[in-house]
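In: Got a predicted structure plus its sequence, pasted below:
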Amino acid sequence: MPHLTSAAAGTASTDLQVGLGVPGYAHPLVAPAQWGELTRPGAPVHWAVLNVAGGPGIRPDPHCLEAAGRLRTAGVRVLGHLDVTYGARAFAEVISDAQRYVDWYRVGGFLLHRCPTERAALPEVRRAATTLRALLDDAHLVFGHGTHPYPGYAESADQLVTFSGAWSDYRWSQVAEWTADYPPERFCHFVHGVPRGHLDEALRIARWQGAGTIYFTDSTEQGGRADPWETMPGYWDDIVSRIGTGVSE
């Protein structure tokens, strides 16, 4: 990510410009306008996750093929969604899904959703990462922990999702001290339920905690009945404008 500059976590560097990592919208047939917005010229999108049907599906999906092609043409990296189920999913199943993503959708990397965090699970996750890099040259790997993992995971991933959750938790969250050893482009924050009036505050938290890739939305889980990442935030234009010109204090 050459357009990002490095700064230690916990420092409010005015040089740090965050960008967007999209955890995965609803199917392109259901949300064509949202997928189209990701290709807007100048939109600061680092990558977008393609989740066809809890993974790549059982056959190539024409709507997803079209959406992925448009993103690649616009210079947006497409990541395949791999659910590793906190380490419980069989290694062969994960790699099989990854192969289909590469063959069918020509992805540029993967989001390992529900990635383990504990030290004991690191060898198996490292094995998966090594295999994925052998499968795809220059694969961009994002470990979707959702919280701060054992520090050793940072050596196998390009990025770690160190926060994924509600605004009510994010505004009081603390960054792990070990993250200061890495530049901001190594970390991602996904936050749902962020009110429009608190958008600047959320962006400042991301800067102070050293997250180079973020996704904020005003959508909520609705008590666990909805996926807050499936819809575009109501303030999409606002956040694109703010991030595209840098985050102001």
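Out: All right, it came through fine.
In: Okay, helices next: where are they in this protein?
Out: 32-37, 62-73, 91-100, 122-135, 167-170, 199-209, 236-244 (DSSP state H).
In: list the helices and strands the helix or strand of the chain with the lowest mean pLDDT packs on?
Out: Least confident helix or strand, the chain: helix 236-244 with a mean of 92, by mean pLDDT, DSSP states H and E. With contacts taken as 3 or more Cβ pairs under 8 Å, 6 or more residues apart in numbering; DSSP states H and E, helix 236-244 sits against strand 19-22, helix 199-209. All C-beta spots, glycine's among them, are computed from the backbone N, C-alpha and C.
In: winner for burial among these?
Out: Comparing the helices and strands packed on helix 236-244 by mean neighbour count (mean count of other Cβ atoms under 10 Å), strand 19-22 ranks first with a mean of 22.
In: Adjacent strands (with direction) for it?
Out: Here strand 19-22 has these sheet partners by DSSP bridges: strand 45-50 (parallel), strand 213-217 (parallel).
In: mind checking which of the ones you listed is nearest residue 86?
Out: Nearest to residue 86 among the strands paired with strand 19-22 is strand 45-50; the distance by Cβ to Cβ comes to 18.1 Å.
In: Adding mean pLDDT, write the strands paired with strand 19-22 out as CSV.
Out: Converted to CSV, these look like this (pLDDT from 0 to 100):
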stretch, mean pLDDT
strand 45-50, 97
strand 213-217, 98
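In: so can I have CSV of those strands showing mean neighbour count and distance to residue 27?
Out: Shown next, in CSV, are the strands paired with strand 19-22 (neighbours: other Cβ atoms under 10 Å; distance: least, Cβ to Cβ, whole Å):
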stretch, mean neighbour count, distance to residue 27
strand 45-50, 25, 10
strand 213-217, 24, 18
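In: so can I have TSV of the ones you listed showing distance to residue 39?
Out: Formatted as TSV, the strands paired with strand 19-22 follow (distance: least, Cβ to Cβ, whole Å):
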stretch	distance to residue 39
strand 45-50	8
strand 213-217	17
